[in-house]
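> The following comprises the amino acid sequence and a computationally predicted model.
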Amino acid sequence: MRVEKVVESLCRKYRTRNPFELSKCVGIRVSFLPLGGIRGYYSQCFKQKFIHINCECSAEDQRYTCAHELGHGILHPDSNTPFLRTKTLYPIGKYEKEANQFAVDLLYSDEDLMELLNYSIPEIAVFLNISENLAAYRLSVMKKKPAWAE
């Protein structure tokens, strides 16, 4: 299933786009800790899922980090990306890309983006505080939907 379909299904089922509320709904515990230069990470231990968020980040960064790590928890629940990154040669780029897509699909609904359609991709990226690639991705998802789905 495509990332945006997973996000929309979750949002419909739990009636929220708030990553902290969704984490709770799906049984993932969120903790805030001083993590130095790390914004956050997802882990699983004894079948319990966790999202660890750097308490020293801004509220906006914490919200995005929670959405990104929730993406890992939903899309890649059994993958340990910190381990894969440091101990193997396994490419984790696909996992990171999907988690970023999950985050922007969750945090920015079609309705949120409607008022931005007259702006350029770089302007939208600055406004949403995301990369231009993610802004372009999110707009492309919205434009692929049939008119009757709006």
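Sure thing, it's come through.
> mind checking how far stretch 116-125 is from the chain centre?
Stretch 116-125 sits 20 Å away from the centroid of its parent chain (CA atoms, centre = their mean, to the nearest Å).
> now Cys11, what's its secondary structure?
helix (DSSP: H, G, I helix; E, B strand; the rest coil).
> That one contacts Leu106, correct?
Yes - using CB atoms under 8 Å, Cys11 is in contact with Leu106, at 7.2 Å. C-beta coordinates here come from the backbone N, C-alpha and C atoms, glycine included.
> Neighbour count: these two, which is higher?
Using other CB atoms under 10 Å, the more surrounded residue of Cys11 and Leu106 is Leu106, with 28 against 16.
> picking up where we left off before, name the residues contacting each of Cys11 and Leu106.
Taking CB atoms under 8 Å, 6 or more residues apart in numbering as the criterion, Cys11 and Leu106 both touch Arg17, Leu22.
> Heading C-terminal from the lowest-mean-pLDDT helix or strand in the chain, find the next helix or strand.
Least confident helix or strand, the chain: helix 81-87 with a mean of 54, by mean pLDDT, DSSP states H and E. Next along the chain after helix 81-87, taking DSSP states H and E as the criterion, comes helix 93-107.
> quick one: average confidence on that next one?
Mean per-residue pLDDT for helix 93-107: 92.
> which residue is nearest the centroid of the protein?
Ala103 (2.0 Å; CA atoms, centre = their mean).
> show me where this structure has helices.
Ranges of helices within the chain are 3-14, 19-25, 59-75, 81-87, 93-107, 110-114, 121-128, 132-144, based on DSSP state H.
> Right, I'll leave it there.
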